[in-house]
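*Asks:* What follows is a protein structure lacking sequence information:
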């Protein structure tokens, strides 16, 4: 039985290890001096194998990926800001607690040794980034135990937004930083009803983060509108849906700083810059009108929204991950049957229309009755899927992400939201758009507080041909005759799966050269001996990102045969096939420069 309440989706120290290896070598040299009074090159003919033990806890891998998985443009190398309550407990791979930098969209983090994450005392922090060509992103990360964690963050590319989002990029003139007035109309994106209008009043002075006037001649505006009911926009919502840093209208922590769970009616991100300087404030309020999808569930009533309904409005500080109450908005009807949420603001950020519910702290909107979901997918079928509780209109409520399920398996939600009607959906595990994509099957509507259990029937696809792969990782110092038993993240990228828009990534967390955790594919084994199942015939790359250095192998085909892949950028290896056990034993070495 698996018990989950993942309310929202869901590194190690290299420099210390390298320093330890160097000291170790010096000590050996000293011993030779004392014993035979000669030590020209004590490492001659000797290969040292050093355990690269970590000075870290709870390794966390952040993966920033384009929310539009049909786009070839992916986030590359960029700076990341870590902030929030427990930011001082966060370190990057290599031990640095400053200068966080992602490479190829990956950022390996961990907690320092004095951290003690638990369910009753979670470690929570925020990550934010300004990625060129993408909408700003911020995500709350909550760690409750000392195990490896994957956090996938979808980012919206301005030039190629995913379905369910709309983008407006506009330039308008300023005179000394003052606008003559402008009306910006954001049309609905693909597969969405929502639209928006932003009005800048004549005579509005643009101001910076210190509320000082900006003397500029050009105003650049980027707006992204996110549908709350689209199955393709959810994973890219800024801030995530389980924030911990939430303030009420008086500036007090909501729910005592414990996580709450947003149920969105729509979100709009507005970013402006005046001649390159970020606009944060205005001398006159900007008027915002958001057209909502009428097939949006009101979390309080459980029925579709209508004129007269109220929904709380929240603003997001994208540098700290802090949400601030902006009061309530009353939904209006414009005379043409359209439902509008209208408000004014004198500052810029993401604005989210959200109801909420919570479990820990001061619970509200919650039923303390478990819900058991019984999976029926046919004998012999299994796979990795997302199992999610949603509103009647597919708004996210709670989910179990990346579940390895088989026929007869159960997923248990220990707590459920107090809403008159909901349903459970199952979808392919998708690291880019997390979760619900695409919906493979769903239950009927039911009241989660009194249901107890529900059956979910779907036909899982036939199992493809798989190879059991055993990975043996080792690091080798190029400037010293030392082998390291590495601890950190390694990635396998399935190029064949990527071509058909399926999950392409397999993550393996290695501790002292042994796989302790794998995500994105099946893992078997115990007692320090693990293997993962990969697709026979698919082409793969192998990657690692350690101590601010990116390593990669050439493209190779996963097949039941012996082969060698030469090093392209620091990773080399051999594969030996054990036909009797259908195991492909891959020994991979990545070359590092030891200090």
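*Replies:* Yep, that arrived. Values in this document were obtained by computation on a predicted structure and should not be read as measured data. Numbers count the residues shown, from 1 in each chain.
*Asks:* Excluding covalently adjacent residues, which one is nearest to residue 57?
*Replies:* Nearest non-adjacent residue to residue 57, counting by C-beta to C-beta, 6 or more residues apart in numbering: residue 111, 4.4 Å away. Every residue, glycine included, has its C-beta placed from N, CA and C.
*Asks:* residues contacting that neighbour?
*Replies:* Neighbouring residues of residue 111 by C-beta atoms under 8 Å, 6 or more residues apart in numbering: 56-58, 60, 89-91, 117, 123, 143, 146.
*Asks:* same thing with residue 103?
*Replies:* Listed by C-beta under 8 Å, 6+ apart, the contact set of residue 103 reads 76-77, 545, 548, 550.
*Asks:* beta partners of the residue nearest to residue 57?
*Replies:* In this entry, residue 111 is beta-bridged to residue 57, residue 90, by DSSP bridges.
*Asks:* Quick check: it vs residue 101, distance?
*Replies:* Distance, residue 111 to residue 101, by C-beta to C-beta, to the nearest Å: 18 Å.
*Asks:* same check, this time on residue 400
*Replies:* Between residue 400 and residue 101 the distance is 32 Å, computed by C-beta to C-beta.
*Asks:* now do residue 428
*Replies:* Distance of residue 428 to residue 101, given as C-beta to C-beta: 32 Å.
*Asks:* Please report how far the residue nearest to the spatial centre of the chain lies from residue 534.
*Replies:* With distances taken as C-alpha atoms, centre = their mean, residue 152 lies nearest the centre of the chain, 2.3 Å away. Distance check for residue 152 against residue 534: by C-beta to C-beta, it reads 20 Å.
*Asks:* go on, residue 81?
*Replies:* Remark: distance between residue 81 and residue 534 (C-beta to C-beta) = 35 Å.
*Asks:* Compare these two (neighbour count), which wins?
*Replies:* A side-by-side neighbour count of residue 81 and residue 534, using other C-beta atoms under 10 Å, places residue 534 first with 20 against 17.
*Asks:* Any idea how many residues pack against residue 171?
*Replies:* By the criterion of other C-beta under 10 Å, residue 171 has 8 neighbours.
*Asks:* name the element it belongs to?
*Replies:* If you go by DSSP states H and E, residue 171 is part of strand 165-173.
*Asks:* For that strand, the averaged confidence score.
*Replies:* Per-residue pLDDT over strand 165-173 has a mean of 94.
*Asks:* Next: stretch 214-221.
*Replies:* Here the average pLDDT along stretch 214-221 is 96.
*Asks:* starting at the chain centroid, how far to that stretch?
*Replies:* 33 Å (C-alpha atoms, centre = their mean, to the nearest Å).
*Asks:* where exactly do the helices run in the stretch 451-595 of the chain?
*Replies:* Under the criterion DSSP state H, counting those that start in this stretch, the stretch 451-595 of the chain contains helices at 495-499.
*Asks:* any chance you could map the strands in it?
*Replies:* Counting by DSSP state E, counting those that start in this stretch, the stretch 451-595 of the chain has strands at residues 453-457, 466-477, 482-485, 488-494, 505-511, 514-519, 523-526, 529-535, 539-546, 549-552, 556-557, 563-565, 571-578, 583-592.
*Asks:* mind checking which of those strands is nearest residue 267?
*Replies:* Residue 267 lies closest, by C-beta to C-beta, to one member of the strands of the stretch 451-595 of the chain: strand 505-511, at 26.5 Å.
*Asks:* Show me what the closest one is packed against.
*Replies:* Judged by 3 or more C-beta pairs under 8 Å, 6 or more residues apart in numbering; DSSP states H and E, strand 505-511 is in contact with strand 57-66, strand 466-477, strand 488-494, strand 514-519, strand 529-535.
*Asks:* Quick check: neighbours of it in the sheet, parallel or antiparallel?
*Replies:* Take DSSP bridges as the rule and strand 505-511 pairs in its sheet with strand 488-494 (antiparallel), strand 514-519 (antiparallel).
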